[in-house]
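*Asks:* just a sequence and a predicted model for now, questions to come.
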Amino acid sequence: MRIGYPCINRTIGCRGGRTFRLSSYTEKRLLDTAGSNIACLKQILEWNLQNHILFFRITSDLIPFASHPVCTFPWQKYLGDELAQIGCFIEESGIRISMHPDQFIVLNSLDEKIVERSIAELFYHADIIDILGLGSTAKIQLHGGGLYGNPPESMARFVRRYDRLDPLIRRHLVLENDEQRFTAADCLSIHEQTGIPVLFDVFHHRCHNQGEGITEILSKIGKTWKTSDGTMMVDYSSQHPAKRRGSHAEQIDLDDFRTFLETSRPYDMDIMLEIKDKETSALAAVSLAKGDRRFV
DNA sequence: CCCTGTCAAGTCACG
DNA sequence: CGTGACTTGACAGGG
């Protein structure tokens, strides 16, 4: 078991996801920004290692506009050495990496142009992971997409589009249940038809489910991860006490997290904490998880 | 320096 | 029909 947090570290003072406006795109701007993002990524990973945080989600903004038509610049050539070095550090340290393309990536869209853009963005994500030199245990987590008033047909469309994806993307892709469209059960059904591993989001499941208990659903989801996929990944968060249903908590609710650790005891997993205060909650979770026999 | 309108991209619920 | 939520404010131009 590893504990992780996504994209941003507010303690160490650098930002790994700086971007700029499309209208100010130049090759120099791209290289400068991406270079500083990559340097920050390295700092974050080193800080994480010192703090026993061995799971991290790399921001999709690492190389701004990398999949946009405006970017014809071979950034891989210029930034590859630095990324490869970080990749070695990741491997030596036993760090696990995930990425999570944002909401605009919709594989099952009715609009072919959206699908094309989505696939270009997935290639960019796979590119980052491959340049880092990480294998098939580094994952890109994606939601099922839209329902478009016809859930079965929308699910079937996801399956068809997945089957046609380049293996370079497929080897890293995992499917995550979301808060209002595809439940964990839907994801398991898509897994049956495609073999795609399912990434369980505990909080989304609480908001949107078909009545299954956590232990029950985890036993099924655990089986969707093959040895080559690595330990199953799980997203964990809890409800913000004041905000509307589905809003992520500002800080980790340690009682709830303790309960989750107990409930999930039979299964090993790497846990991504989707909590607003990021590394602060991750540190608290690490302290708690140190008493768990699964924790590395 | 501070203020604030706007930012590549999609879907859906809510008011 | 406009806005906010999602993993997340922050860039950039004008004062």
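*Replies:* Received it, and whenever you're ready, just let me know what you need. In this text the structure is predicted, and so the values were computed from the model without any measurement.
*Asks:* once you drop chain neighbours, what's closest to A:Ile86?
*Replies:* A:Lys42 (5.3 Å; Cβ to Cβ, 6 or more residues apart in numbering). Yep, even glycine has a C-beta here, placed from its N, CA and C like the rest.
*Asks:* can you tell me the helix or strand for the one you found?
*Replies:* helix A:27-50 (DSSP states H and E).
*Asks:* so how far is that helix off the chain centroid?
*Replies:* Relative to the centre of its chain, helix A:27-50 is centred 18 Å away, using Cα atoms, centre = their mean, to the nearest Å.
*Asks:* anything in the helix or strand that it is followed by near DNA strand B?
*Replies:* Heading C-terminal from helix A:27-50, the first helix or strand you meet, by DSSP H and E, is strand A:55-58. No: on the criterion Cβ under 7 Å from any atom of the strand, strand A:55-58 is out of touch with DNA strand B, staying 14.3 Å away.
*Asks:* buried set for the next helix or strand after strand A:55-58?
*Replies:* Per DSSP H and E, the first helix or strand lying C-terminal to strand A:55-58 is helix A:75-93. Neighbour-count burial for helix A:75-93 flags A:75, A:79, A:82-83, A:86-87, A:90 (criterion: 16 or more other Cβ atoms under 10 Å).
*Asks:* wait, which of these is closest to A:Ile114?
*Replies:* A:Trp75 (24.0 Å; Cβ to Cβ).
*Asks:* my guess is that closest one contacts A:Gly35, does it?
*Replies:* No: counting by Cβ atoms under 8 Å, A:Trp75 sits too far from A:Gly35 to count as a contact (9.7 Å).
*Asks:* which residues of the stretch 51-200 of chain A lie near DNA strand B?
*Replies:* So far as Cβ under 7 Å from any atom of the strand goes, the stretch 51-200 of chain A lies against DNA strand B at A:60, A:64-68, A:102-106, A:109-111, A:114, A:117, A:121, A:145-148, A:180-181.
*Asks:* filter those to the buried ones?
*Replies:* A:60, A:64-67, A:105-106, A:109, A:114, A:117, A:121, A:145-147, A:181.
*Asks:* secondary structure class for whatever residue of chain A ends up closest to DNA strand C?
*Replies:* Residue of chain A nearest DNA strand C, by Cβ to the nearest atom of the strand: A:Asp102 (2.1 Å). When classified by DSSP: H, G, I helix; E, B strand; the rest coil, A:Asp102 comes out as coil.
*Asks:* need phi/psi at it.
*Replies:* phi -80, psi -170 (degrees, to the nearest 10).
*Asks:* model confidence for the nearest residue to it once chain neighbours are set aside, exactly?
*Replies:* Among residues not flanking A:Asp102 along the chain, A:Ser60 sits closest, at 5.9 Å (Cβ to Cβ, 6+ apart). With respect to pLDDT, A:Ser60 has a value of 92.
*Asks:* and what of A:Arg244?
*Replies:* 69.
*Asks:* now swap in A:Ala285 and tell me
*Replies:* Per the predicted model, pLDDT is 95 at A:Ala285.
*Asks:* OK, contacts around it?
*Replies:* A:3, A:252, A:254, A:257, A:271, A:273 (Cβ atoms under 8 Å, 6 or more residues apart in numbering).
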